[in-house]
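In: just the structure for this:
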Amino acid sequence: MVLNLLFITTVIKSTFGVVTTGLWLIPLMLAAITYYRYDAVDPESRPLDQLNLYPEYDFIVVGSGSAGAVVANRLSEVRKWKVLLIEAGPDENEISDVPSLAAYLQLSKLDWAYKTEPSNKACLGMQNNRCNWPRGRVLGGSSVLNYMLYVRGNRNDYDHWAALGNTGWDYDQVLRYFKKSEDNRNPYLANNAYHGRGGLLTVQESPWHSPLVAAFVEAGTQLGYQNRDINGAQQSGFMIAQGTIRRGSRCSTAKAFLRPIRQRKNFHLSMNSHVTRVIIEPGTMRAQAVEFVKHGKVYRIAARREVILAAGAINTPQLMMLSGLGPRKHLEQHGIRVLQDLPVGENMQDHVGMGGLTFLVDKPVAIIQDRFNPTAVTFQYVLRERGPMTTLGGVEGLAFVHTPYSNRSVDWPDIQFHMAPASINSDNGARVKKVLGLKESVYQEVYHPIANKDSWTIMPLLLRPRSRGSVKLRTANPFHYPLINANYFDDPLDAKTLVEGAKIALRVAEAQVFKQFGSRLWRKPLPNCKQHKFLSDAYLECHVRTISMTIYHPCGTAKMGPAWDPEAVVDPRLRVYGVRGLRVIDASIMPTISSGNTNAPVIMIAEKGADLIKEDWLTNPEYKVKRQASVGRTKSRTVGAGDTEAAASSIQAVNINSLLNNSSSSSSSSNIGSSILESSSNILDSSSNILDSSSNNLDSSSSNIIASSSNIVNSNSSSSSNITYSES
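Out: Prediction:
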């Protein structure tokens, strides 16, 4: 700092001393000032963690992921509104910038590292029959962990939402919100009516492709499918994937929507802040404030207008239930006073895929970790923004196809393909098998024999599952992970549809265009499927149930629907039924899952949700009066107006002392420490960087938070004096 100041002072003095003879030094002076204040002038500088918070904001947004970052950006466009964005995790690290290293972020400190409950129908090849469910615990949320694929879904998805009674959510209404955020830099889509230019979110193809992806697209043509823009007029077909990348690096929602607004005076960001509940006044049923733990202190910040939950399909329902909003019987089981009986946590959907379908090739055209010279590919990435490190988590091709279970006369395919010029074995077991949670016996018998061999894969995934899962509270402790029941293949038709998708994938791989590479299926049967004839329907179904893979798209746990829908949690304007000043804007609100990767649809939901808020507060002069009554609903809340004090005292808020006492009994999946690793610089090292997922205790950092949080901080106090906080 001293040297910087000395340098700048010297330049300024020299410049003004020779102003009449040395005007050429002025650019040098400006450059020096720019260097000194680079964070202020660089449009991609990181947002700052606000240390001194106001006691009240107009809007509080919980969660900075694919939705929350967008909502915070759009609401803070209104200068008179003060907006607070709360994020449980830290900022992105440098590794998150590199598209090909997406898998290395899973099970890191940026990941909640959830696991599904054990199943006898799916995830049979995973440790303890549990699938890993990564979720972003970082600024930018799961847009920092995902594989960056930009897929909007199908026109019929949104028309179906509208047909369910969600006025304003049909495709023609939501298309403009997809385009609003998009800055599509693919030249062949520049003048396309379905794409946007100049938005904050950069979308483009990876600048590097393997020869296998061209063969994949051509194979689709040979099977009668078109090579088309799957985000355009029609979806059925094959294409090279589009992704949320910018100049070869990941473009998360934090980069796209938060970095440009980091200096807005009316926008504050609080990172490393674990929200424990929304405080709802039972008499008026109004969301008054948000409570969160940060650096060992409990903060309570008031919301003048609204609280917006954008914490995702797992954390949003958990937070709602901790706040007294959810299924009556379930909340009562955990001693939580029911403020509003709602089907929170139900209707959960996810895209489940069939992993492990591997094809070997004879030519060096695949991505093999040991083949690439680390120095060469790194310099190619850093200096030229190209090379294999720019691939979208390894995924290069996408396709949407119809099985016999779908109506081919309608452009609404039921299977999606992810094509990658690599497979489970391509890193010699260093990372992928750990991310999947694959049983060691399965890996050793089936995939270890072809470690580091040239291979590629097609992963079929089920676009519109009939099965429904749920998110439940494990305990009333906000630091304990919830119970996630994926319920994959509960409806037998889901497994049968995915089997048909696998058959189509095999036909694609057998296309003539792949013959040039000597492509052939790796025919090693899974150990628990040997009783079935290889590639028979029974075998393929066994494979589907064994290597079941989440595609990281949980949604639907706070369903949007009209007042007459008994499964609805929010209305079509995303307001929580029966509660004033509370909305949900994230994947939770999806009535049915979109047909494709969900990042783009969630960003669209956030764009539209922010506009709904603006419409209500800026264009409707009577909105303040109207919102005195909670959103109409046939259900009545449990707590009466006269029970305010009793209800408030019985809501299970964070009892800081009891959290520490209860932590030792929590299971590994509820362990906040299970998602915390060492620093990001060690992520690429060996598995010693990964915490033992079976640990039964909260880590020391969590324990310190819990133990030291007996006081609530008045965040507006410049002296940082603590106010004793207790619940009677």
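In: quick one, phi/psi of the spatially most central residue of the chain?
Out: Centroid-nearest residue in the chain, with C-alpha atoms, centre = their mean: S142, separated by 2.6 Å. S142 adopts backbone torsions of phi -70, psi -10, taken as degrees, to the nearest 10.
In: in the chain, which helix is the longest?
Out: Identified as the longest helix of the chain according to DSSP state H is helix 492-509.
In: and F292, which of the three is it?
Out: Following DSSP: H, G, I helix; E, B strand; the rest coil, we place F292 in the strand state.
In: mind listing what it touches?
Out: I86, S270, S273, H274, V275, T276, V298, Y299, I301 (C-beta atoms under 8 Å, 6 or more residues apart in numbering). Heads up, the C-betas are built off the backbone N, CA and C, glycines and all.
In: swap the cut-off to 6 Å and go again
Out: Neighbour list for F292: I86, S273, H274, V275, Y299 [criterion: C-beta atoms under 6 Å, 6 or more residues apart in numbering].
In: out of those, which sit inside strands?
Out: Using DSSP state E, the subset of these located in strands is I86, S273, H274, V275, Y299.
In: quick check, nearest of those to W112?
Out: H274 (11.0 Å; C-beta to C-beta).
In: quick check: end-to-end length of stretch 395-407?
Out: Terminal residues of stretch 395-407 are spaced 28 Å apart (C-alpha to C-alpha, to the nearest Å).
In: oh, that last question was meant for stretch 432-441, not what I typed.
Out: 15 Å.
In: other residues contacting that stretch?
Out: For stretch 432-441, contacts defined as C-beta under 6 Å, 6+ apart pick out A103, Q106, G125, M126, Q127, N132, I424, Y443.
In: skipping adjacent residues, who's closest to the fourth one in space?
Out: Excluding the flanking residues, the one nearest M126 by C-beta to C-beta, 6 or more residues apart in numbering is G437, at 4.4 Å.
In: distance of that neighbour from S470?
Out: Applying C-beta to C-beta, to the nearest Å, one obtains 21 Å for the distance of G437 from S470.
In: okay, now the nearest residue to V344 once chain neighbours are set aside: neighbour count?
Out: Spatial nearest neighbour of V344, excluding adjacent residues (C-beta to C-beta, 6+ apart): G326 at 4.0 Å. A count of neighbours around G326, defined by other C-beta atoms under 10 Å, yields 29.
In: give me the pLDDT for G326.
Out: pLDDT for G326: 99.
In: what bridges to it?
Out: Taking DSSP bridges as the rule, G326 bridges to D341.
In: which segments of the protein make up each domain?
Out: 2-36, 116-133+189-242+350-550 (automatic domain parsing).
In: which one of the contacts of stretch 432-441 sits closest to Q235?
Out: A103 (27.0 Å).
In: the closest one reaches R431, doesn't it?
Out: Yes: in this structure, A103 is within contact of R431 by C-beta atoms under 6 Å, at 5.3 Å.
In: just the CA coordinates of stretch 63-74, formatted as PDB?
Out: Taking Å, rounded to 0.1, in the frame of the first residue of the first chain, the C-alpha atoms of stretch 63-74 are listed here in PDB:
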ATOM      1  CA  GLY A  63     -30.100 -17.000  -1.200                       C
ATOM      2  CA  SER A  64     -27.800 -15.600  -3.900                       C
ATOM      3  CA  GLY A  65     -28.100 -18.500  -6.400                       C
ATOM      4  CA  SER A  66     -29.600 -18.700  -9.900                       C
ATOM      5  CA  ALA A  67     -32.700 -16.800  -8.700                       C
ATOM      6  CA  GLY A  68     -31.600 -14.700  -5.800                       C
ATOM      7  CA  ALA A  69     -28.800 -12.900  -7.600                       C
ATOM      8  CA  VAL A  70     -31.200 -11.900 -10.300                       C
ATOM      9  CA  VAL A  71     -33.900 -10.700  -8.000                       C
ATOM     10  CA  ALA A  72     -31.400  -8.600  -5.900                       C
ATOM     11  CA  ASN A  73     -30.100  -7.000  -9.100                       C
ATOM     12  CA  ARG A  74     -33.500  -6.100 -10.500                       C
END
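In: quick check: buried residues in stretch 557-569?
Out: Using 16 or more other C-beta atoms under 10 Å as the test for burial, stretch 557-569 gives T557, A558, K559, M560, G561, D565, A568, V569.
In: between these, which sits nearest V62?
Out: The closest of these to V62 turns out to be A558 (C-beta to C-beta; 12.7 Å).
In: okay, and that closest one sits in which element?
Out: Using DSSP states H and E, A558 sits in no helix or strand.
In: burial count for E56?
Out: For E56, using other C-beta under 10 Å, the count is 17.
In: oh, that last question was meant for S409, not what I typed.
Out: Burial of S409 is recorded as 7 neighbouring residues (other C-beta under 10 Å).
In: distance of the nearest residue to D97 once chain neighbours are set aside relative to L521?
Out: Nearest residue to D97, sequence neighbours excluded (C-beta to C-beta, 6+ apart): S249, at 4.5 Å. Per C-beta to C-beta, S249 is found 35 Å from L521.
In: more crowded one of those two?
Out: Counted by other C-beta under 10 Å, S249 and L521 do not tie: S249 has more neighbours, with 20 against 14.
In: surely that one meets I95?
Out: No: between S249 and I95 there is no contact under C-beta under 6 Å: 11.1 Å.
In: quick check: bridge partners of M459?
Out: Beta-bridge partners for M459, by DSSP bridges, are H418.
In: show me the contacts for it.
Out: Listed by C-beta under 6 Å, 6+ apart, the contact set of M459 reads G353, G355, H418.
In: for the last one, give me the pLDDT.
Out: By that I understand H418. With respect to pLDDT, H418 scores 99.
In: that one touches V395, doesn't it?
Out: Yes: in terms of C-beta under 6 Å, H418 counts as a neighbour of V395; the distance is 5.1 Å.
In: which other helices and strands does the longest helix of the chain contact?
Out: strand 455-462, helix 537-546 (3 or more C-beta pairs under 6 Å, 6 or more residues apart in numbering; DSSP states H and E).
In: which is the next helix or strand following the first one?
Out: Sequence-wise, the next helix or strand downstream of strand 455-462 (DSSP H and E) is strand 470-472.
In: what sits up against that following strand?
Out: Residues outside strand 470-472 that contact it (C-beta under 6 Å, 6+ apart) are I314, P317, G345, E346, M348, P482, L483, I484, N485, T557.
In: in its sheet, what does it sit against?
Out: Sheet partners assigned to strand 470-472 using DSSP bridges are listed as strand 483-485 (antiparallel).
In: what lies in contact with the partner strand?
Out: Residues outside strand 483-485 that contact it (C-beta under 6 Å, 6+ apart) are Y114, T116, E117, G469, S470, V471, K472, R474.
In: residues contacting the second one?
Out: Applying C-beta under 6 Å, 6+ apart, we find T116 in contact with R130, C131, W133, I484, A486.
In: still on that earlier bit, need the contacts of F292 in JSON lines (columns: pLDDT).
Out: As requested, those are exported to JSON lines (pLDDT from 0 to 100):
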{"residue": "I86", "pLDDT": "99"}
{"residue": "S273", "pLDDT": "98"}
{"residue": "H274", "pLDDT": "99"}
{"residue": "V275", "pLDDT": "99"}
{"residue": "Y299", "pLDDT": "98"}
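In: helices of the stretch 351-500 of the chain, residue ranges please.
Out: Here the stretch 351-500 of the chain has its helices, by DSSP state H, counting those that start in this stretch, at 374-384, 432-436, 440-442, 492-509.
In: out of those helices, which is closest to A219?
Out: Set against A219 and scored by C-beta to C-beta, those come closest in helix 492-509, at 4.8 Å.
In: what angle do that closest one and helix 537-546 make?
Out: Put simply, helix 492-509 runs at 100 degrees to helix 537-546, going by axes from the mean of the first three to the mean of the last three C-alpha atoms, to 10 degrees.
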